[in-house]
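> After the sequence you'll find the predicted model.
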Amino acid sequence: MTAHPLFNRIAEGLSADGWFTVPGFVSREDAIAIRDEAVSLREEGEFRRAGIGKQGEFQYDKSIRGDEIHWVDESEAISPVKEYLNRIADLQDYLNQTCFLGLRDFESHFAVYPVGTRYARHADRFKNNPHRIVSSVLYLNPDWEEADGGQLVIYQEDGKEVSILPEAGKLVCFRSELEHEVLPCNRARYSMTGWFLDQPLGLTFL
Ligand SMILES: O=C(O)CCC(=O)C(=O)O
Ligand SMILES: [Fe+2]
C-alpha cells in the first residue's frame, strides 16, 4: 500500500470523534475535472432524484433530501475518478489495519445539490441496511465560501457539532451511524459520496 502522507491523523480522528477530513485528498484540478464529468453526465440525463427510506418505505421528498445522483461505474470512469478510487482502496486497507473495521467493498455516487436544496439530519446506516460502516464524501467545489451554505454538519456522540465546508478536493469520512445533515445550498454543490461496506457489493441484499 502507498500511504498517503495524511493517513496518520485518520485512524485517531475516526476512533476519537467518529470522523476525519483530508483537505487536498485530490488536487483542485482533478476535483474540477471530476465535477465537469458530473456536469456532463447530468446534461446527458444520467442523474436521477435521490430518495429516502428503503424498500416499501422508499419516497421522494425534496424538503428532506434534494440532491440528484448517478452511481459510479468504475469501468467507465475518467482517469481522475479511477485514481480517486485507487486511493480510496488504499484508505480501506489502512482503516482495516489500524481500526480493524473489516471493510470489504466501496460503493459511490456523484451527487449534485441544486440551489435551494438540502439533506435533513439523518444517519446512513439503517437497521435494514447495516452494511454501511464508514461514509465518505469527496467535494468538488472550487472557491466555496461560508455564504454559499451547503455545510456538512456532523453530530458527534458527545453532543459536539462540527461544520465542514464542501471545498474542492477535500475528503470527509465519518462512521455511518453518526447523524449528519447538509445545510441548504446557495450554489449548486457537487460531490462524490461513498460508503465502505462490510460485505462485497453484490451481497448487500442479504
Ligand atoms: O454531501 C454531504 O456532505 C453528505 C451527503 C449525505 O449525507 C448522504 O448522501 O447520505
Ligand atoms: Fe448521509
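Cool, got the structure. Ligands and ions are numbered 1, 2, ... in the order given.

> Name the residues of this protein found near ligand 1, please.
Contact residues (C-beta under 6 Å from any ligand atom) of the chain with ligand 1: 119, 124, 137, 152, 180, 182, 191, 193. (Glycine included, C-beta is placed from N, CA and C.)

> Let me know the closest of these to residue 42.
Set against residue 42, the nearest of the residues of the chain next to ligand 1 by C-beta to C-beta is residue 191 (13.0 Å).

> Can you name every helix or strand that the helix or strand hosting the closest one contacts?
Per DSSP states H and E, residue 191 falls inside strand 189-197. Packing partners of strand 189-197 (3 or more C-beta pairs under 8 Å, 6 or more residues apart in numbering; DSSP states H and E): helix 28-43, helix 79-99, strand 105-113, strand 132-139.

> average pLDDT for it?
Mean per-residue pLDDT for strand 189-197: 97.

> Name every strand pairing with it and say which way it goes.
strand 105-113 (antiparallel), strand 132-139 (antiparallel) (DSSP bridges).

> Test my guess that residue 149 contacts residue 188.
No: between residue 149 and residue 188 there is no contact under C-beta atoms under 8 Å: 11.3 Å.

> List the buried residues in stretch 136-147.
Applying a neighbour-count criterion of 16 or more other C-beta atoms under 10 Å, one finds 136-141, 144 buried in stretch 136-147.

> Name the surrounding residues that touch that stretch.
Here stretch 136-147 makes contact (C-beta atoms under 8 Å, 6 or more residues apart in numbering) with 25-26, 28, 31-32, 34-35, 38, 84, 88, 108, 148, 150, 152, 165-173, 186-187, 189-196.
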